[in-house]
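Trainee: With the input below, show me the fold.
(2 chains)
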Amino acid sequence: GQSLEQPSEVTAVEGAIVQINCTYQTSGFYGLSWYQQHDGGAPTFLSYNGLDGLEETGRFSSFLSRSDSYGYLLLQELQMKDSASYFCAVRGKAAGNKLTFGGGTRVLVKP
Amino acid sequence: EAQVTQNPRYLITVTGKKLTVTCSQNMNHEYMSWYRQDPGLGLRQIYYSMNVEVTDKGDVPEGYKVSRKEKRNFPLILESPSPNQTSLYFCASSRQKQETQYFGPGTRLLVL
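Mentor: The predicted structure is shown next:
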């Protein structure tokens, strides 16, 4: 099967940098995705790492290391609107197109 | 506007009364799936479909059925709902082998 672990909650102040780690166990997968979900809203896609290394999209960056079974999402120059839950997800090759999400990390940004 | 729609958005029902939650997308996506979200458990995939007439079980399929007769629609059927199916349900779609999934607004279900 597939499993992903993330910290449950992170608190930081505006302007700070937050790193959300995601460790996973899977027999083989296509890549690691990240989604953001505000309270009461639907998840929205943030980024995808198909290859090892860093992907940058504005203030958000995502990293993958397949050899370490590890990835992270980096939120820079935190803003109040970044307060949300963040989920990592993998689509396993052995599992066809089945997508497995981590439990989510709740980020609370304080003024 | 490109979107995934779900209906109803909120539903209160009683144990054993069959219900269907509809999902429709207007992006011509091949891949569609259903998730349930429960506190502390994140998003868990119920069923997914890689194309018309092709469906497969996710991680938590028990108590649910799906069908994919048309590309745009992927209804979720609860034949005999039970209280443990009280949850927030999301439908999502994407292009085949594309990682960007587009989620519907969610359906909050309460089974009494």
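Trainee: list the contacts for the nearest residue to residue B:6 once chain neighbours are set aside?
Mentor: Nearest-residue entry for residue B:6: residue B:104, 4.0 Å, with adjacent residues in sequence omitted and distances by CB to CB, 6 or more residues apart in numbering or on different chains. Just so you know, the C-beta spots here come from the backbone N, C-alpha and C atoms, and that holds for glycine as well. If you count contacts by CB atoms under 8 Å, 6 or more residues apart in numbering or on different chains, residue B:104 has them with A:42, B:3, B:4, B:5, B:6, B:23, B:90, B:91, B:92.
Trainee: Do I have it right that the third one meets residue B:106?
Mentor: No. Taking contact to mean CB atoms under 8 Å, the distance of 10.3 Å between residue B:4 and residue B:106 leaves them out of contact.
Trainee: Which of those two has more residues huddled nearby?
Mentor: Just comparing residue B:4 and residue B:106: by other CB atoms under 10 Å in any protein chain shown the higher neighbour count belongs to residue B:4, 24 against 20.
Trainee: Tell me what the more buried one is bridged to.
Mentor: residue B:25 (DSSP bridges).
Trainee: partners of the longest strand belonging to chain B in the sheet?
Mentor: Longest strand in chain B, counting residues (DSSP state E): strand B:42-51. Using DSSP bridges, strand B:42-51 pairs in its sheet with strand B:31-38 (antiparallel), strand B:54-57 (antiparallel).
Trainee: From chain A, how far off is residue B:96?
Mentor: 8 Å (CB to the nearest CB, to the nearest Å).
Trainee: any idea how far chain B is from residue A:25?
Mentor: Counting by CB to the nearest CB, the gap from residue A:25 to chain B is 14 Å.
Trainee: Next one: the closest residue to that residue other than its chain neighbours from chain B, what distance?
Mentor: With CB to CB, 6+ apart as the criterion, residue A:25 has its nearest non-adjacent residue at 4.9 Å, and that residue is residue A:3. According to CB to the nearest CB, residue A:3 and chain B sit 10 Å apart.
Trainee: so how far is the helix or strand of chain A with the lowest mean pLDDT off the chain centroid?
Mentor: One helix or strand of chain A scores below all others by mean pLDDT, DSSP states H and E: strand A:99-101, with a mean of 86. How far strand A:99-101 lies from its chain's middle: 12 Å, per CA atoms, centre = their mean, to the nearest Å.
Trainee: Quick check: bridge partners of the most centrally placed residue in chain B?
Mentor: Central residue of chain B (CA atoms, centre = their mean): residue B:34, 3.1 Å from the mean position. Note on residue B:34: beta-bridge partners residue B:47, residue B:91, judged by DSSP bridges.
Trainee: and chain B, which of its residues are near chain A?
Mentor: Counting by CB under 8 Å from any CB of the partner chain, chain B comes close to chain A at B:31, B:33, B:35, B:40-45, B:48, B:50, B:56, B:58-59, B:90, B:92, B:97, B:99-106.
Trainee: Please check the residues you listed and keep the buried ones.
Mentor: B:31, B:33, B:35, B:42-45, B:48, B:50, B:56, B:58-59, B:90, B:92, B:99, B:101-104, B:106 (16 or more other CB atoms under 10 Å in any protein chain shown).
Trainee: could you pull out the strands for chain B?
Mentor: B:4-7, B:10-13, B:19-25, B:31-38, B:42-51, B:54-57, B:65-66, B:76-78, B:87-94, B:102-103, B:107-111.
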